[in-house]
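In: my questions are about this predicted structure, shown below with the sequence.
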Amino acid sequence: MWEYSDKVKEHFLNPRNVGEVEGADGVGEVGSMACGDALKLTFKVGDDGRIVDAKFKTFGCASAIASASALTELLVGKTVEEAERLTNDHIAEYLGGLPKEKMHCSVMGQEALEKAIACYRGEPDKQPEGNVVCECFGVTDRQIERALSDNA
Amino acid sequence: MKPIYLDNNATTRVAPEVVEEMLPYFSTYYGNPSSMYTFGGNVAKKIKEARAKTADLLGAQPEEIIFTSCGTESDSTAIWAALRANPGKRHVITSNVEHPAVKNLGEYLARNGYRVTFVPVDRQGRLDLDHLYAHLSDDTAVVSLMWANNETGVLFPVEAVAERVHKRGAVFHTDAVQAVGKVPIQMAENKIDMLALSGHKLHAPKGVGALYVRRGTKFAPFLLGGHQENGRRGGTENVAGIIGLGKAAELAAAKMEEENTRVKAMRDKLEQTLLERIPNAMVNGDPADRLPNTSSIAFEFVEGESILLMMDEFGICASSGSACTSGSLEPSHVLRAMDVPFTAAHGSIRFSLSIYNTEAEIDLVIEKLPPIIERLRKMSPFWSEAAGACRTAV
Amino acid sequence: MKPIYLDNNATTRVAPEVVEEMLPYFSTYYGNPSSMYTFGGNVAKKIKEARAKTADLLGAQPEEIIFTSCGTESDSTAIWAALRANPGKRHVITSNVEHPAVKNLGEYLARNGYRVTFVPVDRQGRLDLDHLYAHLSDDTAVVSLMWANNETGVLFPVEAVAERVHKRGAVFHTDAVQAVGKVPIQMAENKIDMLALSGHKLHAPKGVGALYVRRGTKFAPFLLGGHQENGRRGGTENVAGIIGLGKAAELAAAKMEEENTRVKAMRDKLEQTLLERIPNAMVNGDPADRLPNTSSIAFEFVEGESILLMMDEFGICASSGSACTSGSLEPSHVLRAMDVPFTAAHGSIRFSLSIYNTEAEIDLVIEKLPPIIERLRKMSPFWSEAAGACRTAV
Ligand SMILES: Cc1ncc(COP(=O)(O)O)c(C=O)c1O
Ligand SMILES: Cc1ncc(COP(=O)(O)O)c(C=O)c1O
Ligand code: FES
Ligand code: FES
């Protein structure tokens, strides 16, 4: 059994902001429809440049759900520039930590956020750096290394 | 919270009768069965009794039973014994849906100088017999096939295969860890050379197993040491565990009927009702030839761990993939071997019942699970898109 | 009849505190520690606790402990791991007074492509260190020496040897089955790479053991299977046994002092009084460097089995040779390796005490044994001849 923090459990059992924001300004999808875990993040930016609404849909384990839920909470009220500085480390920290085998679930959150911000700015999709080591999750070795060192 | 325990293929509750039988052998009759004096000799007698009871459950002779520490050790012992007894032969046959106890040993052998054939299964988890027989050769030392699959409950026709394998001069071993106590086994009437069982799957404690070795089968010990188990397994006997296994074997023989009637009926009710109430759900594995207690159901577009943890809130215990491979993030190798699509494999849950389950427990699961699946599907990006199309397409 | 149990090197009484700790894990908390739900997770936590306690007894880290099914499995695991980690090296060093768990594996290796050096001991059972170091070479994969001898209690200087072996680039393993709980062990302060222990020698149940593997030591599993024990030992964990071992380790740490004072004093009284009262009797093994609980005494001109059975009439339990080799008619290989004359080896009795023994029990043995020896000697053809001469000659 994974040792999940109470906060992870709480977010898993009562996830915030499930769904899709209507008329979203930013949309980020990561993961593969064909074979693995996936996360779709949508957000809306208000007139003051701050994120007013963020929602997620995910196909994934408890930590994927909790990470996505945490991410949406972290996003609301931030400017896009502030949001850009969020990493999976912040997500994990917000949740009181994640088991190291489950770090990729929070990485998925960070990835979706990067894509959603790129989408918001009208930038083309960036190819991830490093080698994709897990096709299912679309996770690269660089991302895993980063996740592990961020959380060491 | 008292658990609603539907994970009996992972492990079982030790029967209270078994605990009672074991208890005196910890602090009161703690002698070493190898000892010269009465205080040890009495323990040896009790082990003899346990050996006879275990043999009885299998329709075997007491001297054909070797006690081990678990199913895994029994499997390793069998396969290594067959290889050591036939040093000239370098080929092994097994299936690609075996428990890690056999699978990982097979992969080890493949890396260490043996040719290993992993026989495939079809979409229902049924063994490709033509493939197996086509690869059986004079070089085949051992064929190891599970009697019943731990994840799907699918039964392999091991008795028929053993006959052909035996004629061909190879040793036939079966991992019967999930079959013993659930399907009738009569070793006196088949040609299986070795058979592995594990105590904790039949209401004996964890940490004790047994290996049946047919009289006359060439044998070499896996665990070298003292003269215990007639020189076939070194190490001081797990006395209490063995006595517990003997008692559990006796109970299993008496409850086999109930397992195949009352337990089966509860399994069927659970399965049928869940399939009725939950769209895009399907059974994994051949329903026609299956253990009476097992049901593996795929709930498409949701993820197994999430289901398990939400069920955990109600004390419902089941498993996604086998307990032995949890802790890994991979979907089960058994479901992959059966070509179950990923969206379904990821959301597969195994329910495995025992005589300790009640109708009321089944009813509770039937009540609690459909809303859980619905809730998780609402979060799933796949579901919203697939819902319309899939509801009819599957 | 309550036994007077002086055979604690064969096995021990499970401490009542240990049984109490184990009991709930049979029929109440029976979940599989690998499971996803709370009912299994709680069991995993309890195993974690047991691992920490076992590590504490050894002055080790929890992740350095692998639970096994017995001392024999721990020994096999260690030696095979060292060989597999160093496939280029084909030489093994051990002693010729090892327990069958190591001895028989050594002999197997000698028949299967390895060179094995069995280092001799002297008349007192002390290791010939010059012999050992002379044979240590770049080809040596592993040196396996027991910390304490099960028959005589003689201690080998394993920490000193480990230092030299390590410098030479070989793995050092010690079979510490008899030492753990009787002599202080601080793995953090020595260079021993692996160490085997067995639960039932320290008031945990039979059927559970542990292997210490120093962090950084290359390892390959002996029992392949599931991911249990961090991938280092397949097979569902002997949950109750492991929990029992953890508790026993905690108790052993607390009782180490008593073992080396009260128990040692009883052993010394028993030994000295028997030597005073029985002519032609002598201690086997170096009295200066010995376990506190063990005394092996040779009663010349009589036969061990007869002594044991006559003592059995009074409920006195002891052993001739090790329990593991009884059932064979051969005199102990340990005493033969020490060059104990046959007339003495055959009549050697091992007394091994524990904290459960009382002064009154010792007094009873002191009262009952001399007449038994006398009676048997009266029947012995050797005695009548030797009596006059030997009484003074020894
Ligand atoms: C020194 C020594 N090593 C190994 C063993 C084997 O332990 P087990 O019987 O638990 O396998 C014993 C006990 O019989 C022993 O005394
Ligand atoms: C089919 C099968 N074989 C082998 C095993 C291994 O048994 P054990 O965990 O007792 O070693 C199991 C149980 O996990 C099993 O289900
Ligand atoms: S998202 Fe699949 S393991 Fe976490
Ligand atoms: S005379 Fe029977 S064993 Fe020695």
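Out: Received the coordinates, thanks. Ligands and ions are numbered 1, 2, ... in the order given.
In: residue boundaries of the strands in the stretch 251-394 of chain B?
Out: Remark: strands assigned in the stretch 251-394 of chain B by DSSP state E, counting those that start in this stretch are B:281-283, B:294-299, B:316-317, B:348-352.
In: quick one: which of those strands is nearest chain A?
Out: Of all these, strand B:316-317 sits nearest to chain A, with 11.0 Å by C-beta to the nearest C-beta. Quick note: C-beta positions are derived from backbone N, CA and C, even for glycine.
In: give me the below-cutoff pLDDT ranges for chain A.
Out: Within chain A, the stretches with pLDDT under 70 are A:32-36, A:125-152.
In: which residue is nearest the middle of chain A?
Out: Closest residue to the average C-alpha location of chain A: residue A:109 at 1.1 Å, with C-alpha atoms, centre = their mean.
In: helix/strand/coil for that residue?
Out: Classification of residue A:109 using DSSP: H, G, I helix; E, B strand; the rest coil returns helix.
In: was I right about it contacting residue A:69?
Out: No. Between residue A:109 and residue A:69 there is no contact under C-beta atoms under 8 Å: 9.4 Å.
In: tabulate the strands of the stretch 251-394 of chain B (JSON lines), appending mean pLDDT.
Out: Putting those into JSON lines (pLDDT from 0 to 100) gives the following:
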{"stretch": "strand B:281-283", "mean pLDDT": "97"}
{"stretch": "strand B:294-299", "mean pLDDT": "97"}
{"stretch": "strand B:316-317", "mean pLDDT": "98"}
{"stretch": "strand B:348-352", "mean pLDDT": "97"}
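In: and those as a markdown table, adding mean neighbour count?
Out: A markdown table is the format used below for those (neighbours: other C-beta atoms under 10 Å in any protein chain shown):
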| stretch | mean neighbour count |
| --- | --- |
| strand B:281-283 | 19 |
| strand B:294-299 | 26 |
| strand B:316-317 | 25 |
| strand B:348-352 | 27 |
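In: nearest to residue B:89, out of the ones you listed?
Out: Comparing these against residue B:89 with C-beta to C-beta, the closest turns out to be strand B:294-299 (34.4 Å).
In: separation between residue B:121 and ligand 2?
Out: Applying C-beta to the nearest ligand atom, to the nearest Å, the value for residue B:121 to ligand 2 is 14 Å.
In: I meant residue B:198, not that one.
Out: Residue B:198 is 3 Å from ligand 2, by C-beta to the nearest ligand atom.
In: go on, residue B:333?
Out: Residue B:333 is 13 Å from ligand 2, by C-beta to the nearest ligand atom.
In: burial check on that residue, number of neighbours?
Out: By other C-beta atoms under 10 Å in any protein chain shown, the residues close to residue B:333 number 20.
In: contact partners for the residue in chain A positioned nearest to ligand 2?
Out: Per C-beta to the nearest ligand atom, the residue of chain A with the smallest distance to ligand 2 is residue A:1, at 16.4 Å. Shown in contact with residue A:1 (C-beta atoms under 8 Å, 6 or more residues apart in numbering or on different chains): C:35-38, C:40-41, C:44.
In: looking at pLDDT only, which of those residues scores worst?
Out: Lowest pLDDT among the contacts of residue A:1: residue C:36, with 87.
In: wait, a strand at it?
Out: No. Per three-state DSSP, residue C:36 lies outside any strand segment and is coil.
In: tell me the spacing between it and ligand 3.
Out: Distance from residue C:36 to ligand 3, by C-beta to the nearest ligand atom: 12 Å.
In: one more: residue B:47?
Out: To ligand 3, residue B:47 is 45 Å away according to C-beta to the nearest ligand atom.
In: now do the strand or helix carrying that residue: which elements does it pack against?
Out: Secondary structure assigned from DSSP states H and E places residue B:47 in helix B:38-58. Applying 3 or more C-beta pairs under 8 Å, 6 or more residues apart in numbering or on different chains; DSSP states H and E, one finds that helix B:38-58 makes contact with strand B:65-68, helix B:239-258.
In: in the helix or strand where residue A:81 lies, what's buried?
Out: Per DSSP H and E: residue A:81 is located in helix A:80-84. For helix A:80-84, the neighbour count (16 or more other C-beta atoms under 10 Å in any protein chain shown) marks A:80, A:83 as buried.
In: which non-adjacent residue is nearest the closest residue to ligand 2 within chain B?
Out: Nearest residue of chain B to ligand 2 (C-beta to the nearest ligand atom) works out as residue B:71 at 2.6 Å. In space, and not counting its chain neighbours, residue B:71 is closest to residue B:198: 3.1 Å by C-beta to C-beta, 6 or more residues apart in numbering or on different chains.
In: how about whichever residue of chain A sits closest to ligand 1, nearest residue that isn't a chain neighbour?
Out: Nearest to ligand 1, among the residues of chain A, is residue A:1, at 30.1 Å (C-beta to the nearest ligand atom). Once flanking residues are discounted, residue A:1 sits nearest to residue C:41: 3.2 Å by C-beta to C-beta, 6+ apart.
In: would you check that the one you found makes contact with residue C:32?
Out: No. Look at residue C:41 against residue C:32 with C-beta under 8 Å: they stay out of range, at 10.2 Å.
In: so which of these two has more stuff around it?
Out: residue C:32 (29 against 19).
In: against residue B:207, how distant is the residue of chain A closest to ligand 2?
Out: The spacing between residue A:1 and residue B:207, counted by C-beta to C-beta, to the nearest Å, is 20 Å.
In: same deal with residue B:365?
Out: Residue B:365 is 30 Å from residue B:207, by C-beta to C-beta.
In: follow-up on the earlier one: contacts only, for the residue nearest to the centre of chain A.
Out: Residue A:109 touches A:39, A:41, A:67-68, A:70-71, A:88, A:91, counting by C-beta under 8 Å, 6+ apart.
In: out of those, which are inside helices?
Out: Those of these mapping onto helices are A:67-68, A:70-71, A:88, A:91, per DSSP state H.
In: quickly check those for the two that are furthest apart.
Out: A:68 and A:88 (11.5 Å).
In: of these two, who's got more company?
Out: residue A:68 (31 against 25).
In: ok and the residue in chain B nearest ligand 1?
Out: Closest point on chain B to ligand 1, by C-beta to the nearest ligand atom, is residue B:236, at 3.1 Å.
In: okay, and the residue nearest to residue B:44 when sequence neighbours are not counted sits in which element?
Out: Distance criterion C-beta to C-beta, 6+ apart; nearest residue to residue B:44, sequence neighbours excluded, is residue B:33 at 3.9 Å. Using DSSP H and E, no element contains residue B:33; it sits outside every helix and strand.
In: number of residues surrounding residue B:339?
Out: As a burial measure, residue B:339 scores 11 neighbours (other C-beta under 10 Å).
In: how close does it sit to residue B:286?
Out: Taken as C-beta to C-beta, the span from residue B:339 to residue B:286 is 14 Å.
In: what's the local residue count around residue A:65?
Out: Residue A:65, neighbours per other C-beta under 10 Å, totals 27.
In: thought it was touching residue A:11?
Out: Yes. Judged on C-beta under 8 Å, residue A:65 makes contact with residue A:11 at a distance of 7.2 Å.
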